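Colleague: prediction below, plus the sequence it came from.
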Amino acid sequence: MAVGQRTAALPEPNGEPRLAGARRALANRDFKLAFQLCQVARQQGAPTAAVLEVEAALFKETEYLDREVDALRRWRRTAPADPRPWLALFYIYQDLGWISEEDETSARALALAPRNPRCLVTRALAFYGSNVPARGLDFLAEALRIDPANVQLMNLRATILLKASRYREAEAQARQAVGRDPANPANHLALAAALLALERNDEAAAELREVQRRYPEQVEAPYQLGILAEKRGDLAEAARELGRAAAMDVRFSHLLWHLGRVYLRQGRIEEGRKLLEMYRKMDANANAFGTALAQLQARPQDPALHYTLSRFHLAANELPQAVVELRRVLELRRGDARARRDLVGALKRQGRVSEARQLAVSAH
């Protein structure tokens, strides 16, 4: 199970017949029609919560993250006993790194539905991102008690056990997940990670090679195989495997650092130095971003921090996240001309020209 994975976009059938057309249009990816039919359903008296559920799914599909957040917030106000908008907001806040809001939404969802496995999982994920990941295991154990056949929960438990340095338990849990769902590469990778942590490298390599054979698009397998080859001094094999991983995702983990060192040891000095310099720049940027997120945990209402995060997202062309951060700045500091200017630019880059024009006019 991917840590922090957001749920499916399409809304659950809510039995509201006036929204049937909107749901069909959304399933067919006719977003303009879906939005129009939501407005029609609202005018016809469809329950506000049901309309907002479909609209939130629509905005997710179109990557209008700020409008998705707004719809989910309005949905939770309209239906205060429904945990679903809280669950959706939890994953958005987790992706953004808004730890304070993440913890609040997780706790509220669980209070509303204490026996819902999805709500229990959010508490486990909230602790996974903390310095005490093991505190999430009790919530996960309860989720597995309620839904014992859920292999994704087994994989998540193995992942948390790995972070908590409980490697033998992680191995046992990963083997159980592999036995239940051998076609899922995430289970094999979790098992390989446990075996590597236990320094059973030959077993781990065999598991990784099987992942590579069956799922050649997985970057983790060649990355780890390259590191193992580097450790045993097989530089040709290391360069081959790490190069394969780099062709898929040069930003993956510490890939460029390892590949650059291998090139240097092979005498490919210029190539090695170039990769290490690229890695240093990427690492410095990642560290600065991580520092801003850590500061935000202590000061979640600080507009300057949200503005800093928006600049990182803009530089990475992560426009939906940038728009959310800039709107947050303007919520906290309404007269911030710089944030408003950047928001207008981000909306234009996202193709939301009418909204950008309206925002620019409203500033005067």
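Modeller: In hand now; what should we look at?
Colleague: what's the neighbour count on residue 157?
Modeller: 25 (other Cβ atoms under 10 Å). Where C-beta positions appear, they are placed from N, C-alpha and C, glycine not excepted.
Colleague: how close does it get to residue 255?
Modeller: 27 Å (Cβ to Cβ, to the nearest Å).
Colleague: swap in residue 192?
Modeller: From residue 192 to residue 255 the distance is 17 Å (Cβ to Cβ).
Colleague: more neighbours, the two?
Modeller: Using other Cβ under 10 Å as the criterion, residue 192 and residue 255 rank with residue 192 on top: 27 against 24.
Colleague: got a pLDDT number for the nearest residue to that one once chain neighbours are set aside?
Modeller: Of all residues not flanking residue 192 in the chain, residue 207 sits nearest, at 4.2 Å (Cβ to Cβ, 6 or more residues apart in numbering). In this model, residue 207 is scored at 95, pLDDT.
Colleague: same question, the one 10 residues further on
Modeller: Turning to residue 217, the model gives it a pLDDT of 95.
Colleague: run through the stretch 1-150 of the chain and note the low-pLDDT ranges.
Modeller: Along the stretch 1-150 of the chain, segments meeting pLDDT under 70 span 1-14.
Colleague: domains for the chain, by residue range?
Modeller: Structural domains of the chain, as assigned by automatic domain parsing, span the residue ranges 1-80, 301-364.
Colleague: tabulate these (a markdown table), appending distance to residue 147.
Modeller: Shown next, in a markdown table, are these (distance: least, Cβ to Cβ, whole Å):
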| stretch | distance to residue 147 |
| --- | --- |
| domain 1-80 | 13 |
| domain 301-364 | 31 |
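Colleague: okay if I get these as a markdown table plus distance to residue 150 and mean neighbour count?
Modeller: Converted to a markdown table, those look like this (distance: least, Cβ to Cβ, whole Å; neighbours: other Cβ atoms under 10 Å):
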| stretch | distance to residue 150 | mean neighbour count |
| --- | --- | --- |
| domain 1-80 | 9 | 18 |
| domain 301-364 | 30 | 17 |
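Colleague: out of these, which is closest to residue 116?
Modeller: domain 1-80 (12.7 Å; Cβ to Cβ).
Colleague: helix, strand, or coil at the residue nearest to residue 192?
Modeller: helix (DSSP: H, G, I helix; E, B strand; the rest coil).
Colleague: can you tell me how far it sits from residue 188?
Modeller: 6 Å.
Colleague: which stretch among the domains of the chain comes nearest residue 163?
Modeller: Closest among these, using Cβ to Cβ: domain 1-80, at 9.3 Å.
Colleague: give me the three-state assignment for the residue lying farthest from the centre of the chain.
Modeller: Most distant residue from the mean C-alpha position of the chain: residue 267, 38.6 Å away (Cα atoms, centre = their mean). Taking three-state DSSP as the rule, one finds residue 267 in the coil state.
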